[in-house]
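Undergrad: have a look; sequence and predicted model below, questions after that.
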Amino acid sequence: MFKNMIFTLLLTAVANVQAEGFFLSSTDIQGQIANAQVYNSFGCTGKNISPQLSWKHAPEGTRSFAITAYDPDAPTGSGWWHWLVFNIDPSVTEIKTGASTKSMPKNAVESITSYGSNGFGGACPPKGDKAHRYIFTVYALNTEKIEQNADARPELIGFFLNRHAIAKASIMAYYGR
(Lines give C-alpha, C1' and ligand atoms only; values in the text may rest on other atoms or scores of the structure.)
Protein backbone atom coordinates (compact mmCIF):
# COMPACT_ATOMS: atom_id res chain seq x y z
CA MET A 1 0.00 0.00 0.00
CA PHE A 2 2.80 2.42 0.95
CA LYS A 3 4.61 1.71 -2.37
CA ASN A 4 1.41 2.38 -4.33
CA MET A 5 0.90 5.67 -2.50
CA ILE A 6 4.47 6.82 -3.25
CA PHE A 7 4.10 5.77 -6.90
CA THR A 8 0.81 7.72 -7.15
CA LEU A 9 2.41 10.82 -5.57
CA LEU A 10 5.39 10.63 -7.97
CA LEU A 11 3.12 10.13 -10.96
CA THR A 12 1.01 13.13 -9.90
CA ALA A 13 4.12 15.29 -9.47
CA VAL A 14 5.42 14.32 -12.91
CA ALA A 15 2.01 15.02 -14.49
CA ASN A 16 1.87 18.46 -12.84
CA VAL A 17 5.36 19.36 -14.08
CA GLN A 18 4.45 18.27 -17.62
CA ALA A 19 1.14 20.14 -17.48
CA GLU A 20 2.97 23.35 -16.63
CA GLY A 21 5.43 23.24 -19.56
CA PHE A 22 6.17 26.20 -21.81
CA PHE A 23 2.89 26.88 -23.59
CA LEU A 24 1.72 29.12 -26.47
CA SER A 25 -1.90 30.04 -27.17
CA SER A 26 -3.86 32.49 -29.30
CA THR A 27 -7.34 33.92 -29.35
CA ASP A 28 -6.93 34.48 -33.13
CA ILE A 29 -5.26 31.30 -34.39
CA GLN A 30 -7.75 28.46 -33.98
CA GLY A 31 -6.94 25.65 -36.41
CA GLN A 32 -7.77 27.59 -39.58
CA ILE A 33 -6.24 30.93 -40.55
CA ALA A 34 -8.97 33.59 -40.52
CA ASN A 35 -9.27 36.31 -43.18
CA ALA A 36 -7.77 38.73 -40.63
CA GLN A 37 -4.44 36.85 -40.84
CA VAL A 38 -4.44 36.48 -44.66
CA TYR A 39 -2.05 38.66 -46.67
CA ASN A 40 -3.39 41.58 -48.72
CA SER A 41 -1.30 41.26 -51.90
CA PHE A 42 0.12 38.53 -54.18
CA GLY A 43 -3.48 37.82 -55.23
CA CYS A 44 -4.75 37.45 -51.65
CA THR A 45 -7.33 39.84 -50.21
CA GLY A 46 -7.04 39.44 -46.45
CA LYS A 47 -6.63 42.04 -43.74
CA ASN A 48 -3.00 41.12 -42.87
CA ILE A 49 -3.47 41.64 -39.13
CA SER A 50 -0.93 40.03 -36.83
CA PRO A 51 -2.52 37.56 -34.38
CA GLN A 52 -2.75 37.73 -30.63
CA LEU A 53 -0.24 35.36 -29.02
CA SER A 54 0.31 34.64 -25.34
CA TRP A 55 2.62 32.27 -23.53
CA LYS A 56 3.22 31.00 -20.03
CA HIS A 57 5.53 28.81 -17.98
CA ALA A 58 8.76 30.01 -19.59
CA PRO A 59 11.73 27.99 -18.38
CA GLU A 60 14.11 29.27 -15.75
CA GLY A 61 16.98 31.18 -17.32
CA THR A 62 14.86 32.85 -20.02
CA ARG A 63 16.47 36.20 -20.83
CA SER A 64 14.35 37.14 -23.85
CA PHE A 65 11.72 35.81 -26.24
CA ALA A 66 11.34 35.63 -30.01
CA ILE A 67 8.40 34.82 -32.28
CA THR A 68 8.27 33.30 -35.74
CA ALA A 69 5.49 32.41 -38.16
CA TYR A 70 6.60 29.94 -40.81
CA ASP A 71 5.01 28.03 -43.72
CA PRO A 72 6.99 24.84 -44.41
CA ASP A 73 4.70 24.00 -47.37
CA ALA A 74 5.55 27.02 -49.52
CA PRO A 75 6.77 25.88 -52.94
CA THR A 76 10.21 27.46 -52.53
CA GLY A 77 12.31 24.52 -51.40
CA SER A 78 12.96 26.35 -48.13
CA GLY A 79 9.53 27.38 -46.82
CA TRP A 80 8.28 30.92 -46.24
CA TRP A 81 8.89 33.19 -43.23
CA HIS A 82 5.79 35.25 -42.39
CA TRP A 83 6.97 36.92 -39.17
CA LEU A 84 10.19 37.18 -37.19
CA VAL A 85 10.34 39.12 -33.94
CA PHE A 86 13.24 39.03 -31.49
CA ASN A 87 14.63 40.85 -28.42
CA ILE A 88 11.29 40.66 -26.60
CA ASP A 89 11.78 41.44 -22.91
CA PRO A 90 11.41 38.40 -20.61
CA SER A 91 8.62 40.16 -18.67
CA VAL A 92 6.39 40.15 -21.79
CA THR A 93 3.92 37.26 -22.06
CA GLU A 94 1.55 38.51 -24.76
CA ILE A 95 1.47 40.23 -28.13
CA LYS A 96 -1.91 41.84 -28.85
CA THR A 97 -3.88 41.46 -32.08
CA GLY A 98 -2.64 43.92 -34.69
CA ALA A 99 0.52 44.87 -32.77
CA SER A 100 2.94 44.26 -35.66
CA THR A 101 4.67 47.50 -36.74
CA LYS A 102 2.36 49.53 -34.45
CA SER A 103 2.58 48.57 -30.80
CA MET A 104 5.22 45.90 -30.31
CA PRO A 105 6.99 45.68 -26.96
CA LYS A 106 9.81 48.18 -26.40
CA ASN A 107 13.11 47.07 -28.01
CA ALA A 108 11.47 44.20 -29.93
CA VAL A 109 12.78 43.92 -33.50
CA GLU A 110 10.62 42.78 -36.42
CA SER A 111 13.00 41.68 -39.14
CA ILE A 112 12.50 41.05 -42.84
CA THR A 113 10.10 38.31 -43.88
CA SER A 114 10.11 36.27 -47.06
CA TYR A 115 7.87 38.97 -48.52
CA GLY A 116 10.88 41.32 -48.29
CA SER A 117 9.29 43.62 -45.72
CA ASN A 118 9.34 44.00 -41.95
CA GLY A 119 6.47 42.97 -39.75
CA PHE A 120 3.74 40.38 -40.05
CA GLY A 121 2.94 39.07 -43.53
CA GLY A 122 -0.17 36.90 -43.57
CA ALA A 123 -0.95 33.60 -45.23
CA CYS A 124 -1.14 33.52 -49.03
CA PRO A 125 -0.50 30.08 -50.52
CA PRO A 126 -0.73 29.61 -54.29
CA LYS A 127 -4.29 29.25 -55.57
CA GLY A 128 -5.23 25.58 -55.99
CA ASP A 129 -2.37 24.33 -53.79
CA LYS A 130 -3.17 22.07 -50.84
CA ALA A 131 -3.83 23.82 -47.55
CA HIS A 132 -0.53 25.04 -46.07
CA ARG A 133 0.59 24.71 -42.46
CA TYR A 134 1.36 27.94 -40.61
CA ILE A 135 3.48 27.36 -37.53
CA PHE A 136 3.61 30.12 -34.92
CA THR A 137 6.45 29.60 -32.45
CA VAL A 138 7.63 31.47 -29.38
CA TYR A 139 11.23 30.85 -28.34
CA ALA A 140 12.56 31.23 -24.80
CA LEU A 141 16.15 32.39 -25.28
CA ASN A 142 19.22 32.30 -23.05
CA THR A 143 20.41 35.70 -24.29
CA GLU A 144 19.05 39.20 -23.64
CA LYS A 145 19.66 40.32 -27.19
CA ILE A 146 20.17 38.96 -30.69
CA GLU A 147 22.76 41.34 -32.13
CA GLN A 148 20.96 41.87 -35.45
CA ASN A 149 18.85 44.68 -36.84
CA ALA A 150 15.55 44.86 -38.73
CA ASP A 151 17.34 44.20 -42.06
CA ALA A 152 18.49 40.73 -40.99
CA ARG A 153 17.43 37.89 -43.28
CA PRO A 154 15.09 35.21 -41.90
CA GLU A 155 17.67 32.42 -42.23
CA LEU A 156 20.19 34.37 -40.13
CA ILE A 157 17.63 35.09 -37.41
CA GLY A 158 16.59 31.42 -37.48
CA PHE A 159 20.21 30.43 -36.89
CA PHE A 160 20.49 32.66 -33.81
CA LEU A 161 17.10 31.58 -32.45
CA ASN A 162 18.00 27.91 -32.66
CA ARG A 163 21.46 28.58 -31.19
CA HIS A 164 20.02 30.37 -28.13
CA ALA A 165 16.73 28.49 -27.60
CA ILE A 166 16.14 27.04 -24.15
CA ALA A 167 12.62 25.99 -25.13
CA LYS A 168 10.01 26.65 -27.77
CA ALA A 169 6.26 26.34 -27.95
CA SER A 170 4.21 26.27 -31.15
CA ILE A 171 0.69 26.31 -32.49
CA MET A 172 -0.28 25.44 -36.04
CA ALA A 173 -3.11 26.49 -38.31
CA TYR A 174 -4.01 25.73 -41.91
CA TYR A 175 -5.00 27.86 -44.87
CA GLY A 176 -5.66 27.08 -48.52
CA ARG A 177 -7.33 28.90 -51.39
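TA: Thanks, I have it.

Undergrad: go through stretch 82-96 and flag the buried ones.
TA: 82-88, 92, 95-96 (16 or more other Cβ atoms under 10 Å). From N, CA and C alone the C-beta is placed, and that goes for glycine too.

Undergrad: tell me the two of the residues you listed that are most distant?
TA: His82 and Val92 (20.2 Å; Cβ to Cβ).

Undergrad: before we move on, the earlier item: need the buried residues of stretch 82-96 in CSV with distance to Phe23, can you?
TA: Compiled in CSV, the buried residues of stretch 82-96 are given as follows (distance: Cβ to Cβ, whole Å):
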residue, distance to Phe23
His82, 21
Trp83, 19
Leu84, 21
Val85, 18
Phe86, 20
Asn87, 22
Ile88, 16
Val92, 15
Ile95, 15
Lys96, 18
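
Undergrad: so can I have TSV of those showing pLDDT?
TA: Below are the buried residues of stretch 82-96 laid out as TSV (pLDDT from 0 to 100):
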residue	pLDDT
His82	98
Trp83	98
Leu84	98
Val85	98
Phe86	98
Asn87	98
Ile88	98
Val92	98
Ile95	98
Lys96	98
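
Undergrad: just the strands in the protein please.
TA: 23-25, 53-56, 64-71, 80-88, 94-95, 109-110, 132-141, 165-175 (DSSP state E).

Undergrad: out of these, flag the one nearest Asn149.
TA: Nearest of the strands of the chain (Cβ to Cβ): strand 109-110, 6.8 Å.

Undergrad: so what strands line up beside that closest one?
TA: Sheet pairing for strand 109-110, assigned by DSSP bridges, gives strand 80-88 (antiparallel).

Undergrad: which outside residues touch the strand it pairs with?
TA: Here strand 80-88 makes contact (Cβ atoms under 8 Å, 6 or more residues apart in numbering) with 50, 64-71, 74, 95, 100, 104-105, 107-115, 119-123, 134, 136, 141, 144-146, 148, 154, 157-158, 160-161.

Undergrad: give me the residue at the spatial middle of this protein.
TA: For the chain, Thr137 is the residue whose C-alpha lies nearest the centre (Cα atoms, centre = their mean; 2.6 Å).

Undergrad: how near is it to Trp83?
TA: Separation of Thr137 from Trp83 (Cβ to Cβ, to the nearest Å) stands at 10 Å.

Undergrad: ok, the residue nearest to the centre of the chain touching Ala169?
TA: Yes: with contact defined as Cβ atoms under 8 Å, Thr137 and Ala169 form a contacting pair (7.0 Å).
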